[in-house]
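K.L.:
Please find the sequence and the predicted model below.
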Amino acid sequence: MEVLGEKWTVVVLREVFNGVRRFDDMRVRTGVPRQVLANRLGMLVEQGVLRRVPYREPGARERHEYRLTQKGLDVYPVLITLLEWGNRYLAEPTGPPLEFAHRECGAEVHAEIHCAAGHKIGDVREVVSRPGPGASRR
């Protein structure tokens, strides 16, 4: 949660996943205050979720685009799950404002949970937590 738990961080990631990579474009599309956006982008770069890629418009100074790293791409299922939750419980009666679709066939994309043995988990009550290998005694 230290990396993803702040509201504007999720908004910034949503924009990058949707192809918005430049600071000014993000600021205009989201309304995130300039300093907040700079801080969030800096933190995401520092955490290895985004990487900065230089670019230069003709006659202008060098600037940077923000691209997802593999660590950043691995956040995508989390955003899909959040969107599904929002679409289920918060969408207007006319329907959700955004859906995800499979580029190849056009079908809607949904998140699902399954175990390492391949069993699809339909009821979250079938999942239990247990200490992992990095757990320490309190």
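P.N.:
Looks like it arrived, so ask away. Residues are numbered from 1 along each chain as shown.

K.L.:
Can you show me the helices along the protein?
P.N.:
Applying DSSP state H to the chain gives helices spanning 7-17, 23-30, 34-46, 70-73, 76-89.

K.L.:
tell me what the second one is packed against?
P.N.:
Packing contacts for helix 23-30, counted by 3 or more Cβ pairs under 8 Å, 6 or more residues apart in numbering; DSSP states H and E, involve helix 7-17, helix 34-46, strand 62-68. From N, CA and C alone the C-beta is placed, and that goes for glycine too.

K.L.:
Cross-check the contact I'm expecting between E6 and R40.
P.N.:
Yes: if you go by Cβ atoms under 8 Å, E6 and R40 touch, sitting 7.2 Å apart.

K.L.:
okay, these two: which has more neighbours?
P.N.:
Under the criterion of other Cβ atoms under 10 Å, the comparison of E6 against R40 puts R40 first, with 21 against 15.

K.L.:
Contacts only, for the more buried one.
P.N.:
Contacts here follow Cβ atoms under 8 Å, 6 or more residues apart in numbering; on that basis R40 touches E6, W8, T9, V12, V32.

K.L.:
try it again with 6 Å
P.N.:
Residues in contact with R40 (Cβ atoms under 6 Å, 6 or more residues apart in numbering) are W8, T9, V12.

K.L.:
Grab the nearest non-local neighbour of the second one.
P.N.:
The one in question is T9. In space, and not counting its chain neighbours, T9 is closest to R40: 5.3 Å by Cβ to Cβ, 6 or more residues apart in numbering.

K.L.:
before we move on, back to that, H114 is nearest to which of the helices and strands packed on helix 23-30?
P.N.:
Within the helices and strands packed on helix 23-30, the stretch nearest H114 is helix 7-17; the backing value is 22.8 Å (Cβ to Cβ).

K.L.:
and the closest one, what does it pack onto?
P.N.:
helix 34-46 (3 or more Cβ pairs under 6 Å, 6 or more residues apart in numbering; DSSP states H and E).

K.L.:
rerun at 10 Å
P.N.:
Judged by 3 or more Cβ pairs under 10 Å, 6 or more residues apart in numbering; DSSP states H and E, helix 7-17 is in contact with helix 23-30, helix 34-46, strand 50-56, strand 62-68, helix 70-73, helix 76-89.
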